[in-house]
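Trainee: No sequence on hand, only this structure:
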């Protein structure tokens, strides 16, 4: 059987071995590929002679064809070449092309397998002298297979990007661009991958270069590309910092083990965009990656043209009626264009609470306001008439009952609105208001529920391979088992520890297995953590820049949801260094922002920093400078 790799430089094999030399001659290869790509894999002799040997006298041309067919017959196998009746036809099994497999894998949505087949342009570098008709056919085939190859590469890139493998995804997207620099699909994919990898400026540079090339031709990028570029310009993302020292394991780990959960949430968002409100619930113990998953969904919502209202509840919110709703209002609602159509009484509810709202809607200052919950629903209705919305509430177990009840009312009253309510919660202690909202999923509102848990052994192996790509199988397995013992498989702590190992940290002797039975990460004290985990947190802290360490100490001392002005006063940094430090702390997943301020992603990490990295004099200084809040 003859197999030809046509997607890239040509390679011909017979039964898995290098092909006989005569079969690799240019016109012989061209004959086999042309027949394999022809309708019913057959052509007349006259057609083939004219296509490939039209520069020769007829008798010599026919002799050349016969010689070629002789070599093809020997390699294709018995009965796989039919030359009767003036035709030349290939059988179904004698010749295979990698393009056939590409089509099969695309049809099966095997994006990884399809992308692996793409090695370059169709018959890259291949050509036949004095065969203009063949050249025309070849160019048409190349255009077709570029499109199919770009689909394979971009689909796989999107898949990898959704799993957190941003570098690998961007590499595939650039390969797609190299196949066709004018492909808007390839460019769109590359811009998206770059942004999701934290390279916002690079994504915009790529777009501007493309736009400049088009302007030379008197053209402009299509509307979809222009809209994507505008969304990227507006996207607020922490920028990847320049490493202070070589860091072999970047902190922004891939989304291992949550690919299916991500797909489920994005499918719920896609369904809601069609015009029906839905609810999605992410449940899991502290440290299982809920916040990261919500962040990743939120940015994809914005890239799709949706608006995001984002807030993170803290313990104090539960005692403040309406606190979570007001946080969501500050978390993006003011930026949605459609709210200007809301009734003045609805706007007045927020004008009284927020100076930014009062500045935009001064006409509502003296209007009797609606109750906050009713105003929230009314303003959402107008906002969603302009663009789809996602309400994202993290740590919903800390939200007040009134806000949670109001979100349930939104799902009921705005049932025909393109709106997704996405909440993250952990099950202990149980909250009746949270459970009531989640219980509606699949019953009277569409949506999804996903559960996050500790990493299993296979996932820990994947994490070790990500951080230590050169490690052998035995070392990978041993480290995965050590991660399980020291971290209980919790993603947050597993990533801390594997980064420390990748950076050369020496592991102390193994402690007893952790977590303790019945305890969650929030209920744990630094002294309860295995020595290897606390040492890894300290080591990863020291790899931050000095400015980043300063900001981490400030938030560790001042507590949850520290407002940016307070952080700026307490940190001994100029404005530029402070902004860069905030970016670094966000990018490295130490801190998470919320409209009301910054908090540590995990309470236990904050406690370790506060206990081990802050001196008494630093604590006094931070409290003195940061405590004078206006």
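Mentor: Looks like it arrived, so ask away. Just so you know, these numbers come straight off a predicted model, no measurement behind them.
Trainee: if I read this right, residue 102 contacts residue 115, doesn't it?
Mentor: No. At 9.5 Å, residue 102 does not count as touching residue 115 under the criterion of Cβ atoms under 8 Å. For the C-beta atoms, the positions are set from N, CA and C on the backbone; glycine is no exception.
Trainee: anything in contact with each of those two?
Mentor: residue 152 (Cβ atoms under 8 Å, 6 or more residues apart in numbering).
Trainee: Quick one: the strands in the protein, in order.
Mentor: Under the criterion DSSP state E, strands of the chain are mapped to 2-5, 11-14, 17-18, 42-44, 81-82, 87-90, 95-97, 278-283, 307-312, 389-394, 419-425, 447-451, 591-594, 597-600.
Trainee: Which of those sits closest to residue 134?
Mentor: Closest of the strands of the chain to residue 134 is strand 42-44, at 12.0 Å (criterion: Cβ to Cβ).
Trainee: same question for the closest one, mean pLDDT?
Mentor: For strand 42-44, the mean pLDDT works out to 96.
Trainee: That one: which residues count as buried?
Mentor: For strand 42-44, the neighbour count (16 or more other Cβ atoms under 10 Å) marks residue 43 as buried.
Trainee: That one pairs with which strands, parallel or anti?
Mentor: Sheet pairing here is set by DSSP bridges, and for strand 42-44 it gives strand 87-90 (antiparallel).
Trainee: roughly how far is the strand it pairs with from the heart of the chain?
Mentor: Relative to its parent chain, strand 87-90 has a centroid offset of 48 Å by Cα atoms, centre = their mean, to the nearest Å.
Trainee: For it, give me every contacting residue.
Mentor: Contacts of strand 87-90 (Cβ under 8 Å, 6+ apart): 32, 35-36, 40-45, 48, 65, 69, 76, 80-83.
Trainee: so where's this protein uncertain?
Mentor: Scanning the chain for pLDDT under 70 picks out 237, 239-252, 511-519, 627-630.
Trainee: Just want to check the distance between the nearest residue to residue 568 once chain neighbours are set aside and residue 376.
Mentor: Among residues not flanking residue 568 along the chain, residue 578 sits closest, at 5.6 Å (Cβ to Cβ, 6 or more residues apart in numbering). Separation of residue 578 from residue 376 (Cβ to Cβ, to the nearest Å): 33 Å.
Trainee: so what's residue 26 up against?
Mentor: By Cβ under 8 Å, 6+ apart, the neighbours of residue 26 are 126, 127, 128.
Trainee: Now render these as CSV, adding neighbour count and distance to residue 275.
Mentor: Shown next, in CSV, are the contacts of residue 26 (neighbours: other Cβ atoms under 10 Å; distance: Cβ to Cβ, whole Å):
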residue, neighbour count, distance to residue 275
126, 16, 50
127, 11, 52
128, 18, 55
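Trainee: Kindly indicate which of those residues lies nearest residue 437.
Mentor: Checking the contacts of residue 26 one by one against residue 437 (Cβ to Cβ), the nearest turns out to be residue 126, at 60.6 Å.
Trainee: In contact with the closest one, which residues?
Mentor: Contacts of residue 126 by Cβ under 8 Å, 6+ apart are 10, 26, 29, 30, 138.
Trainee: Can you turn the buried part of the residues you listed into a PyMOL selection?
Mentor: To isolate the buried ones among the contacts of residue 126 in PyMOL, judged by 16+ other Cβ under 10 Å, type:
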select buried, resi 10+29+30+138
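Trainee: export the contacts of residue 126 to TSV and tack on distance to residue 416?
Mentor: TSV is the format used below for the contacts of residue 126 (distance: Cβ to Cβ, whole Å):
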residue	distance to residue 416
10	56
26	63
29	59
30	59
138	53
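Trainee: Okay, and which of the contacts of residue 126 map to helices?
Mentor: 26, 29, 30, 138 (DSSP state H).
Trainee: I'd say residue 261 and residue 452 touch.
Mentor: Yes. Using Cβ under 8 Å as the test, residue 261 is close enough to residue 452 to be in contact (6.7 Å).
Trainee: Identify the contacts common to these two.
Mentor: 282, 293.
Trainee: related to what we said a few turns ago, nearest to residue 160, of the strands of the chain?
Mentor: That would be strand 447-451 among the strands of the chain, by Cβ to Cβ, at 20.1 Å.
Trainee: Identify all contacting residues around the closest one.
Mentor: 261, 264-265, 267-268, 278-284, 420-421, 438, 440-442.
Trainee: How many residues are close by residue 39?
Mentor: 6 (other Cβ atoms under 10 Å).
Trainee: Distance check, residue 468 against residue 483.
Mentor: Distance from residue 468 to residue 483, by Cβ to Cβ: 12 Å.
Trainee: Between these two, point out the one with more neighbours.
Mentor: A count of neighbours by other Cβ under 10 Å puts residue 483 above the other of residue 468 and residue 483, at 27 against 17.
Trainee: Hmm, the more buried one is touching residue 497, no?
Mentor: Yes. Between residue 483 and residue 497 there is a contact under Cβ under 8 Å: 6.0 Å.
Trainee: Would you mind listing the residues touching both of residue 468 and residue 483?
Mentor: residue 498.
Trainee: burial count for residue 328?
Mentor: Neighbours of residue 328 (other Cβ under 10 Å): 25.
Trainee: what does residue 201 give?
Mentor: The burial count for residue 201: 12, using other Cβ under 10 Å.
Trainee: Kindly report the same for the one 3 residues further on.
Mentor: For residue 204, the count of nearby residues is 16 (other Cβ under 10 Å).
Trainee: And for residue 253?
Mentor: Neighbours of residue 253 (other Cβ under 10 Å): 22.
Trainee: Spatially nearest residue to it (excluding sequence neighbours)?
Mentor: residue 495 (4.8 Å).
Trainee: Quickly note the distance from the one you found to residue 457.
Mentor: Taking Cβ to Cβ, one finds residue 495 at 16 Å from residue 457.
Trainee: same deal with residue 75?
Mentor: From residue 75 to residue 457 the distance is 47 Å (Cβ to Cβ).
Trainee: Which of these two has more residues huddled nearby?
Mentor: residue 75 (22 against 13).
Trainee: surely that one meets residue 18?
Mentor: No. Taking contacts as Cβ under 8 Å, residue 75 lies outside contact range of residue 18: 11.3 Å.
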